[in-house]
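# task: produce atomic coordinates for the following.
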Amino acid sequence: MNIQNMITGLLAVAIIGGVGLKTLNVIEKNNSYISVKGLSDRNVVADCAMWKITVVTEANTIKEAQEKMNKDMDIVTKFLKTEGIMDTEVTDTYSKTRDKFYYGCERDNTRTKRFDLKGKIKIRTNDINKVRAIKSKFSQLQEQGININDEVKYVYTKIDQLRIEMLQEAAKDSETRAQKIAETFGAKIIGLRNFTSGKFSISAEDAAVTSDNEWYEEYSLNKRLRVVVTGTFNLQTR
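Coordinates of the predicted model:
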């Protein structure tokens, strides 16, 4: 079998055998080389929580809105400290005021308050269990008439430590796949022609991976790290 026929055969094997062009990508159909993708993935648990808490207040005057905001923010801040949030974990606090009439909202005061204020508290902590426990108690604040909502992003901070190791694993996987495919057709790889580092991605652990594109998922606690590389290898018939 000549190399041209072998390359054509590799494509057929990739499709019929279920490998798929997501895993095996023969990019050239001449008589010298094939390009094969390699994969490395790891399941990890996030080790840092980025927590944004928003307190919303509405009133018909700035003074009324500000007074209620100050009261509500004081209650929320004391609640967080009582539940174990330390000052060093609070990265920012600020508020925003919006005049809804200015933005064209309904001017009938029986339907809407003119001003709304949003107080923001940003927290960064490595104690994820603490965050989840406090969130479950937010109903206590809502029972006091406080309009509060929040968003938590879970981050894995040791990605840089794993990146090189996973690239090496993916490169080795690419070489192993190329060797097995070449051997099937009586050929062998005789050297690396080109190497392309692919996308490093983070998804939810149970997410279906449908693309080699880079993405960064932030809301799940259990995550899957994934990197795809492409190795192009010279071929020689035996």
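# what ranges do the strands span in the chain?
33-45, 48-59, 90-99, 115-125, 147-155, 187-204, 222-237 (DSSP state E).
# residue 142: what's it in contact with?
residue 148 (C-beta atoms under 8 Å, 6 or more residues apart in numbering). Where C-beta positions appear, they are placed from N, C-alpha and C, glycine not excepted.
# quick check: it vs residue 176, distance?
56 Å (C-beta to C-beta, to the nearest Å).
# would you list the strands of the chain in JSON lines and tack on mean pLDDT, distance to residue 83 and mean neighbour count?
Converted to JSON lines, those look like this (pLDDT from 0 to 100; distance: least, C-beta to C-beta, whole Å; neighbours: other C-beta atoms under 10 Å):
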{"stretch": "strand 33-45", "mean pLDDT": "93", "distance to residue 83": "22", "mean neighbour count": "19"}
{"stretch": "strand 48-59", "mean pLDDT": "95", "distance to residue 83": "12", "mean neighbour count": "19"}
{"stretch": "strand 90-99", "mean pLDDT": "90", "distance to residue 83": "13", "mean neighbour count": "13"}
{"stretch": "strand 115-125", "mean pLDDT": "95", "distance to residue 83": "11", "mean neighbour count": "18"}
{"stretch": "strand 147-155", "mean pLDDT": "96", "distance to residue 83": "13", "mean neighbour count": "16"}
{"stretch": "strand 187-204", "mean pLDDT": "88", "distance to residue 83": "27", "mean neighbour count": "16"}
{"stretch": "strand 222-237", "mean pLDDT": "92", "distance to residue 83": "24", "mean neighbour count": "20"}
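# can you redo those strands as a markdown table with distance to residue 66?
Output for these, formatted as a markdown table (distance: least, C-beta to C-beta, whole Å):
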| stretch | distance to residue 66 |
| --- | --- |
| strand 33-45 | 41 |
| strand 48-59 | 8 |
| strand 90-99 | 8 |
| strand 115-125 | 7 |
| strand 147-155 | 15 |
| strand 187-204 | 40 |
| strand 222-237 | 41 |
